[in-house]
Structures are given as C-alpha cells and as structure tokens.
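Undergrad: Compute the structure for the input listed below.
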Amino acid sequence: MLANAPLSPPAVLQAIEQATQTLQFTMASDPLTGSLLRTLASTKPASAFLELGTGTGMGTAWILDGMDATSKLITVDTDERASAVARRHLGHDPRVTFYITDGGEFLHKLKAQGARFDFIFADTWPGKFTHLEVALGLLNVGGLYIVDDLLPQASWPEEHAPKVANFIATLRQRTDLTLTWLNWSTGLLLAAKSG
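TA: Modelled structure (predicted):
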C-alpha cells in the first residue's frame with residue numbers, strides 16, 4: 001500500500017481518537033485495519049455483524065462506515081469506560097447494539113440463541129485465543145472472520161506471543177476456512193467460511 005494513500009476515515013473518527021487519547025486507552029484498532037474492515041463490511045449487504053472487543057469504537061466506526069442501512073452490528077466488551085466512548089460517539093446509529101459483558105459468556109449466549117453472523121471481527125481474546133470454536137460456529141457459510149494484532153507489539157504481555165502461535169496453528173488445521181495472512185498493519189488474518 002502506498003504510504004501516503006488517503007484513507008478517508010469516517011467523520012466521527014477524529015473525535016473518537018481524541019477521547020481515546022484522553023482515556024489513555026492503548027489498544028484501539030489501527031487505521032489501516034479500519035480501512036480494511038470498512039471495505040470488507042461493504043461486501044456484506046443486509047448482513048449480521050459481530051465485533052468482539054469494542055474498545056473505544058475505532059474499529060466499530062470503520063465497520064459502520066462500510067455497512068449498508070439494513071445491516072446490524074453487535075459489539076461487546078468488558079471495559080465500561082472504553083465502551084462508553086464508543087456509545088457516546090456511535091450510539092445514535094440504530095444499526096449498532098452495545099453490550100458490556102464477558103465475551104466468552106456472550107458467545108455462548110449467542111450460540112444458545114441460534115445467532116448467525118456474516119462478519120466477525122475478533123479484536124479481543126474471546127473469539128480468538130479462547131472460545132474460537134464457538135465464534136467460528138456462529139459464522140455463516142461465505143461469512144468473513146477477521147483478526148488483528150498478530151504481529152509482535154511492544155504492548156503485548158509476555159503470554160501473548162505463544163497464544164498467537166497456538167491460534168495460527170489451530171486455524172491452519174481447519175478445512176472449513178479459506179485463509180489469508182496479511183503481514184500488514186498490526187498483522188491480520190482474513191478467513192472465509194467455506195463449509
């Protein structure tokens with residue numbers, strides 16, 4: 001990608017970025033990841049979206065910017081303070097519903113309800129390093145599963161790198177996903193459910 005290529009971020013993103021800095025929240029989604037999320041979201045009209053790890057809403061804003069008017073997004077996080085930033089700036093959008101709860105428990109609840117999704121962005125441990133089978137079980141055939149933060153980061157806790165290695169090894173064994181690994185942004189995985 002050209003280093004200076006304009007990303008044309010969502011109009012609300014600047015306000016979210018400022019609030020994120022004020023909160024000193026350091027785990028917000030990268031703008032390059034956001035741009036990809038928006039593009040991928042635009043390929044799923046009239047679809048159900050799930051974001052695991054709302055944070056302050058950086059990724060949420062990009063996803064919403066790519067979604068059409070008939071799509072719906074559910075986003076979940078355990079961090080009330082961070083999620084409050086997202087709700088303050090994005091809560092007026094009727095397409096998005098916010099939940100503050102444990103992501104793993106929430107995934108099990110969605111499974112019990114028979115929920116299905118066309119797009120899952122896993123930006124926290126549940127749905128990626130834990131509860132992976134549950135998350136992938138919610139994905140429709142043809143649905144997209146996107147993960148970021150797979151390249152080493154200075155902010156990673158010591159136990160993070162082995163979890164990434166195990167995650168990658170697990171996905172490589174699956175036969176129901178078509179995978180693309182991107183050495184780009186914070187390290188991305190794009191997977192499509194094939195059966």
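Undergrad: Going by C-alpha atoms from here, please, whenever you check contacts or count neighbours.
TA: Will do.
Undergrad: so what does the lowest-mean-pLDDT helix or strand in the chain touch, helix or strand wise?
TA: Lowest mean confidence among the helices and strands of the chain (mean pLDDT, DSSP states H and E): helix 13-23, at a mean of 88. Judged by 3 or more CA pairs under 8 Å, 6 or more residues apart in numbering; DSSP states H and E, helix 13-23 is in contact with helix 58-66, helix 80-90.
Undergrad: That one: what's the following helix or strand?
TA: Using DSSP states H and E, the helix or strand that follows helix 13-23 towards the C-terminus is helix 31-41.
Undergrad: can you state the direction angle for the helix or strand that that following helix is followed by and helix 58-66?
TA: Where DSSP H and E defines the elements, the next helix or strand beyond helix 31-41 is strand 48-52. Interaxial angle, strand 48-52 versus helix 58-66 (axes from the mean of the first three to the mean of the last three CA atoms, to 10 degrees): 170 degrees.
Undergrad: could I have strand 48-52 exported to PDB, CA atoms only?
TA: Taking Å, rounded to 0.1, in the frame of the first residue of the first chain, the C-alpha atoms of strand 48-52 are listed here in PDB:
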ATOM      1  CA  ALA A  48     -25.400  -9.500  10.600                       C
ATOM      2  CA  PHE A  49     -22.000  -8.300  12.000                       C
ATOM      3  CA  LEU A  50     -20.300  -9.100  15.300                       C
ATOM      4  CA  GLU A  51     -17.400  -7.300  16.800                       C
ATOM      5  CA  LEU A  52     -15.600  -8.900  19.800                       C
END
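Undergrad: Give me the three-state assignment for P10.
TA: In three-state terms, and counting by DSSP: H, G, I helix; E, B strand; the rest coil, P10 is coil.
Undergrad: Now do the same contact list for it.
TA: For P10, the contact set (CA atoms under 8 Å, 6 or more residues apart in numbering) comprises 61-62, 65.
Undergrad: coming back round to it: minimum distance to L139: which of the helices and strands packed on helix 13-23 has it?
TA: Checking the helices and strands packed on helix 13-23 against L139 by CA to CA gives helix 58-66 as the closest, at 16.9 Å.
Undergrad: what sits up against the helix or strand just after that closest one?
TA: The C-terminal neighbour of helix 58-66 among helices and strands, as given by DSSP H and E, is strand 72-77. Contacts to strand 72-77, defined as CA under 8 Å, 6+ apart, come from residues 46-55, 60, 64, 83, 95-103.
Undergrad: What separation is there between V134 and I120?
TA: Applying CA to CA, to the nearest Å, the value for V134 to I120 is 12 Å.
Undergrad: T20 now?
TA: Distance, T20 to I120, by CA to CA: 23 Å.
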